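Need coordinates for the below:
(2 chains)
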Amino acid sequence: MSLDKPYTDVPGTTIFDADMSRQGYHLNQFCMSLMKAENRTRFKANERAYLDEWPMSEEQKQAVLARDLNRCIELGGNIYFLAKIGATDGKSFQQMAGSMSGMSEEQYRDMMAGGGRSVEGNRYIGEKK
Amino acid sequence: MARISASVYTSHVPAIGAALDLGKSAEPYWQAVFKGYDFSKQWLKDQKPDVIFLVYNDHANAFSLDVIPTFAIGTAPEFTPADEGWGPRPVPKVIGHPKLAAHIAQSVIQDDFDLTIVNKMDVDHGLTVPLSLMCGQPQAWPCPVIPFAVNVVQYPAPSGRRCYMLGKAIRKAIETYDEPLNVQIWGTGGMSHQLQGPRAGLINKEFDNAFLDRLISDPEGLSRMPHIDYVREAGSEGIELVMWLIARGAMNDVNGGKQTSLRHRFYHVPASNTAVGHLILENN
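The predicted structure is shown next:
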């Protein structure tokens, strides 16, 4: 019998469960390595070479090179790990979160200052707004 | 004997720490957050706790995907602020209370909660931001702190019910400790927020305020709220709120004692991506 996953119908949301964690293990551990200043320097000097030291899939490497955080999440990345890439690039958490929402940095900041994204219309995939 | 005198609940948004560390706390954007803690700073000075039992979550800093403990108690003499990728926060190191922590670990494990015991770990913003909010920028934190890390990074986090019952076991452990210590228990994280995907930036004021109401007056019922309600209503990272139930379960009123008193309540949107909530409950 398969597990009950009631969270797959939440729009724009990927729950980092054990299955995702299994797929993203090396991607997330690569991110974790960026907590060390010397690794951040080595990564920035030659991103591709640094990524090739990790047994990640080519899709995962391309997603990191493109800084496509939504794609990274789809491939098993978790936002708290992926944040280390943003930190290496000198980005704030708000800049990273905004980049996943398809909004400009300014639009996202204004949305947050205005009270954030409403839950209305955002509870279920396919729900009418 | 030791006793729990009060519980504190607060969000632990990393940008709050950055605002303090980078000298931005006087800006109107951040003043709106910090003013909610003016009362709390004075209150903490007056209360003079001997130990703070601080429930928080690690955000991929002390724990990578190599080891994922659901409940981890810090039993070390001290804990260093972590380098989360931006460099370590310039805050005092955290002094632990190994003797009380070991006592709690032994008691709680014998009470059916299988804790992971951690003798060496760094502590991230989840632990240091609540201390900064409650203490400002001192040279040293006012008392020893026992870090208690809960997994909310990889789903599933422990259920609200499990957290609430664990709070009761922690209370029992503290009350059987021989020294007359004044212990506070803090629950941190939340409130509504989502940091990932196209739904990033989700905030739900109605949910948050109902959560605060129920945490005060109906924690028993609140503890039965399923994970999916947190995810759907409060965002994928809003699930951190289960940690507040650990602190709540340790209070007198839900363990056959007298009513607790609400001393302070604050709610504000936004701090970066997140809604900030804060409560202080005192035992009588």
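
pLDDT wise, what is residue 87 at?
Just so you know, I chose chain A. Looking at A:Ala87, its pLDDT stands at 91.

wrong chain, I was asking about chain B
In this prediction B:Gly87 is given a pLDDT of 84.

Within range of chain A, give me the residues from the stretch 151-284 of chain B.
Contact residues, the stretch 151-284 of chain B versus chain A (C-beta under 8 Å from any C-beta of the partner chain): B:153-156, B:192, B:194-205, B:207, B:227-228, B:231-233, B:236-237, B:269-270, B:272-273, B:275. Just so you know, the C-beta spots here come from the backbone N, C-alpha and C atoms, and that holds for glycine as well.

quick one: what helix or strand has the residue nearest to B:Ala60 when sequence neighbours are not counted in it?
In space, B:Ala60 comes closest to A:Tyr80 once its chain neighbours are excluded; the distance is 4.0 Å by C-beta to C-beta, 6 or more residues apart in numbering or on different chains. Here A:Tyr80 is covered by helix A:79-88, with elements defined by DSSP states H and E.

That helix: how far from the chain's middle?
Distance, stretch centre to chain centre, for helix A:79-88: 8 Å (C-alpha atoms, centre = their mean, to the nearest Å).

and what of stretch B:167-177?
17 Å.

what is the rounded mean pLDDT of that stretch?
For stretch B:167-177, the mean confidence score works out to 98.

do stretch B:200-218 as well
pLDDT averaged over stretch B:200-218 gives 98.

Please identify the buried residues of that stretch?
Judged by neighbour count using 16 or more other C-beta atoms under 10 Å in any protein chain shown, the buried positions of stretch B:200-218 are B:200-205, B:207-208, B:211-212, B:214-216.

any idea how far chain B is from the closest residue to A:Pro11 other than its chain neighbours?
Of all residues not flanking A:Pro11 in the chain, A:Ile125 sits nearest, at 4.8 Å (C-beta to C-beta, 6+ apart). A:Ile125 sits 11 Å away from chain B, going by C-beta to the nearest C-beta, to the nearest Å.

In contact with A:Ile125, which residues are there?
A:9-11 (C-beta atoms under 8 Å, 6 or more residues apart in numbering or on different chains).

what's the closest of these to A:Leu3?
A:Asp9 (15.1 Å; C-beta to C-beta).

Tell me which residues are up against the lowest-mean-pLDDT helix or strand in chain A.
Within chain A, no helix or strand scores below helix A:93-100, which has a mean of 88 by mean pLDDT, DSSP states H and E. Helix A:93-100 has contacts (C-beta under 8 Å, 6+ apart) with A:67, A:69-70, A:73, A:79, A:82-83, A:86, A:104-105, A:107-109, A:112, B:14-15, B:195-198, B:200-201, B:272-273.

Buried ones only from those, please, as a ChimeraX command.
If you want just the buried ones from the contacts of helix A:93-100 in ChimeraX, going by 16+ other C-beta under 10 Å, the selection is:
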select /A:69,70,73,79,82,83,86,108,109,112 /B:14,15,195,196,197,198,200,201,272,273
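
Counting by contacts, list what the host helix or strand of B:Gly221 packs against.
Using DSSP H and E, B:Gly221 sits within helix B:219-222. Judged by 3 or more C-beta pairs under 8 Å, 6 or more residues apart in numbering or on different chains; DSSP states H and E, helix B:219-222 is in contact with helix B:160-175, helix B:205-217, helix B:244-249.

C-terminal to that helix, what's the next element?
The C-terminal neighbour of helix B:219-222 among helices and strands, as given by DSSP H and E, is helix B:227-234.

gap between that next one and the chain center?
So, by C-alpha atoms, centre = their mean, the centroid of helix B:227-234 is 19 Å from its chain's centroid.

Flag every buried residue along it.
Buried, per 16+ other C-beta under 10 Å, within helix B:227-234: B:227-228, B:230-234.

Just give me the neighbour total for B:Asp112.
9 (other C-beta atoms under 10 Å in any protein chain shown).

Could you pull up the residues touching it?
B:Ala169.

again, only using 6 Å
With C-beta atoms under 6 Å, 6 or more residues apart in numbering or on different chains as the criterion, no residue contacts B:Asp112.

Against B:Asp218, how distant is B:Leu133?
As judged by C-beta to C-beta, to the nearest Å, B:Leu133 and B:Asp218 stand 26 Å apart.

Just the pLDDT for A:Asp4.
With respect to pLDDT, A:Asp4 has a value of 88.
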